[in-house]
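Colleague: Compute the structure for the input listed below.
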Amino acid sequence: MSPLRLEQFVEKRLIDDLLALEGIYCVSLISPDGFILESSGTKTDLTSIVNLFDLRPKNTMVTTVGENGTIIGIRLESNHILAVLCEVSSNLGRVRLEIESIGKTLSSIL
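Modeller: Down below sits the predicted model:
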């Protein structure tokens with residue numbers, strides 16, 4: 001495998017690991033320009049979370065709770081955003097810990 005292909009494989013694997021957590025419907029890796037680079041789970045557009053980071057540029061993590069689910073996003077050192085959509089009843093603390101952990105790993109390869 002070429003290095004670029006290996007990086008894409010690792011990104012996909014990490015995103016799938018997040019999706020495997022109980023209650024998570026969708027995971028997306030969003031470019032600094034606001035485009036979805038990688039996504040798994042339900043076909044849900046999570047790019048709207050970019051607007052929340054634009055409104056709160058100092059925040060590295062944002063959470064928005066809605067009737068149909070909770071979206072949690074983390075801004076990586078590379079300015080990519082890792083976003084998840086999960087059930088309202090999900091253990092948000094665990095989801096936040098996992099997204100931070102996987103975000104650190106993704107930052108090292110982006």
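
Colleague: can we go C-alpha only for contacts and neighbour counts from here?
Modeller: OK.

Colleague: Going by residue numbers, what spans are strands in this protein?
Modeller: Per DSSP state E, the chain carries strands over the ranges 24-30, 36-41, 61-66, 69-75, 81-86.

Colleague: Helices along this structure, start to end?
Modeller: 3-19, 49-55, 92-109 (DSSP state H).

Colleague: any weak-confidence spans in the protein?
Modeller: Confidence mapping of the chain against pLDDT under 70 gives the ranges 1-6.

Colleague: got the helices of the chain as CSV, with mean neighbour count and distance to residue 83 columns?
Modeller: Converted to CSV, these look like this (neighbours: other C-alpha atoms under 10 Å; distance: least, C-alpha to C-alpha, whole Å):
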stretch, mean neighbour count, distance to residue 83
helix 3-19, 16, 10
helix 49-55, 16, 8
helix 92-109, 16, 8
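
Colleague: Turn those helices into TSV, columns for distance to residue 81.
Modeller: TSV is the format used below for the helices of the chain (distance: least, C-alpha to C-alpha, whole Å):
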stretch	distance to residue 81
helix 3-19	12
helix 49-55	8
helix 92-109	9
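
Colleague: re earlier: mind checking which of the strands of the chain is nearest residue 100?
Modeller: Closest approach to residue 100 among the strands of the chain is made by strand 69-75 (7.2 Å; C-alpha to C-alpha).

Colleague: And the contacts of the closest one?
Modeller: 46, 49, 53, 59-65, 81-88, 96, 99-100, 103 (C-alpha atoms under 8 Å, 6 or more residues apart in numbering).

Colleague: and with 6 Å instead?
Modeller: The contact list for strand 69-75 (C-alpha atoms under 6 Å, 6 or more residues apart in numbering) reads 60-64, 81-88.

Colleague: ok, that strand: who's next to it in the sheet?
Modeller: strand 61-66 (antiparallel), strand 81-86 (antiparallel) (DSSP bridges).

Colleague: Mind giving me the ChimeraX select for the contacts of strand 69-75, buried ones only?
Modeller: Selection of buried members from those for ChimeraX, criterion 16 or more other C-alpha atoms under 10 Å:
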select :61,62,63,81,82,83,84,85,86,87,88
